[in-house]
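Structure here, sequence nowhere to be found:
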């Protein structure tokens with residue numbers, strides 16, 4: 001029995017993740033065009049025609065750009081909470097009623113042999129939420145798009161065997177970069193995005209008593225680099241006596257190249 005996943009795309013230009021078990025195949029967000037999502041699926045040997053549904057975290061375009069076209073093309077049910085539905089529906093195009101389903105924040109839904117628990121984050125969207133996936137004693141947690149990591153978010157991530165975790169920006173790069181100040185203030189705020197340093201601090205608390213694979217996700221195209229994010233998180237973890245390489249393994253994600261399909 002296995003729980004598998006691939007981060008199809010992650011970054012400021014678009015986000016999507018695939019999760020599968022023996023009975024379920026789900027897409028979480030589709031922040032690229034339908035064509036690009038299909039190409040990503042081809043690269044991991046999965047057909048989007050075999051999907052059982054799409055889960056949506058929030059209505060920002062880098063998470064829903066391809067949701068409507070994929071749902072219509074492959075007749076896929078879409079799951080989102082009520083406020084997210086209201087915010088994103090005008091952006092999706094016409095979605096048949098039989099493909100619209102609720103998934104409220106703070107609830108657990110069972111999809112065949114997969115239990116999925118939703119939890120809230122702090123982001124400037126209508127009602128953003130992310131997910132912990134549980135199957136046969138294994139757990140995968142997806143947590144990005146939050147301005148800070150609360151105790152509840154940590155609790156939802158503790159014990160996970162694999163974690164996809166936001167490491168959005170290097171604070172110095174952001175502060176000295178080309179963005180106007182109002183955008184910088186948004187990213188740095190409590191409803192913005194987690195920095196590399198703050199990701200490391202949160203992960204040190206989450207991973208104190210466990211082993212896990214960590215995928216650093218949602219990196220800013222303009223204000224971060226893979227090597228910098230990995231180095232900063234590693235240094236922060238090691239400062240908290242977390243041994244990287246044995247206790248914790250760090251992995252990159254990419255805006256256009258999916259990670260290999262991996263067992264949790």
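Sure thing, it's come through. Please read all numbers here as calculations on a predicted model, not as lab measurements. Numbers count the residues shown, from 1 in each chain.

low-confidence ranges in the stretch 1-150 of the chain?
Across the stretch 1-150 of the chain, the stretches falling below the confidence threshold (pLDDT under 70) are 1.

now the strands: where do they sit in it?
Along the stretch 1-150 of the chain, counting by DSSP state E, counting those that start in this stretch, strands occupy 4-9, 16-20, 25-28, 53-55, 78-80, 100-102, 108-111, 114-120, 129-135, 138-143.

could you point out the longest helix in the chain?
Counting residues, the longest helix in the chain under DSSP state H turns out to be helix 226-239.

how distant is it from the center of its chain?
In terms of C-alpha atoms, centre = their mean, to the nearest Å, the centre of helix 226-239 is found 19 Å from the chain centre.

The strands of the stretch 1-150 of the chain into CSV, with extra columns for mean neighbour count and distance to residue 205?
Just so you know, the C-beta spots here come from the backbone N, C-alpha and C atoms, and that holds for glycine as well. Conversion of the strands of the stretch 1-150 of the chain to CSV gives the following (neighbours: other C-beta atoms under 10 Å; distance: least, C-beta to C-beta, whole Å):
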stretch, mean neighbour count, distance to residue 205
strand 4-9, 24, 23
strand 16-20, 24, 23
strand 25-28, 24, 24
strand 53-55, 24, 26
strand 78-80, 25, 29
strand 100-102, 14, 32
strand 108-111, 14, 24
strand 114-120, 19, 16
strand 129-135, 24, 17
strand 138-143, 24, 13
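
Please list all residues in contact with residue 134.
With contact set as C-beta atoms under 8 Å, 6 or more residues apart in numbering, residue 134 has these partners: 114-117.

cool, residue 196 as well?
By C-beta under 8 Å, 6+ apart, the residues touching residue 196 are 167-171, 224, 228-229, 232-233, 236.

With adjacent residues omitted, what lies nearest to it?
In space, not counting the residues next to it along the chain, residue 196 is nearest to residue 232; the distance is 3.9 Å by C-beta to C-beta, 6 or more residues apart in numbering.

quick one, what contacts the one you found?
With contact taken as C-beta under 8 Å, 6+ apart, residue 232 is in contact with 167, 170, 196-197, 200.

Secondary structure, pLDDT and distance to residue 68 for those - can I get that in CSV?
What follows is those, written out as CSV (DSSP: H, G, I helix; E, B strand; the rest coil; pLDDT from 0 to 100; distance: C-beta to C-beta, whole Å):
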residue, secondary structure, pLDDT, distance to residue 68
167, coil, 98, 29
170, coil, 98, 34
196, helix, 98, 33
197, helix, 98, 37
200, helix, 98, 36
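
How much space separates the residue nearest to residue 196 from residue 108?
To residue 108, residue 232 is 34 Å away according to C-beta to C-beta, to the nearest Å.

that older thread, neighbour-wise, which one of the contacts of residue 196 leads?
Each of these was scored by neighbours using other C-beta atoms under 10 Å; the highest score is residue 167's, at 33 neighbours.

isn't it right next to residue 231, touching?
No. The pair formed by residue 167 and residue 231 falls short of the contact definition of C-beta atoms under 8 Å, at 10.8 Å.

Let's verify the closest residue to residue 205 other than its chain neighbours: helix, strand, or coil?
With sequence-adjacent residues excluded and distances taken as C-beta to C-beta, 6+ apart, residue 205 is closest to residue 154, at 5.9 Å. Three-state call for residue 154 (DSSP: H, G, I helix; E, B strand; the rest coil): helix.
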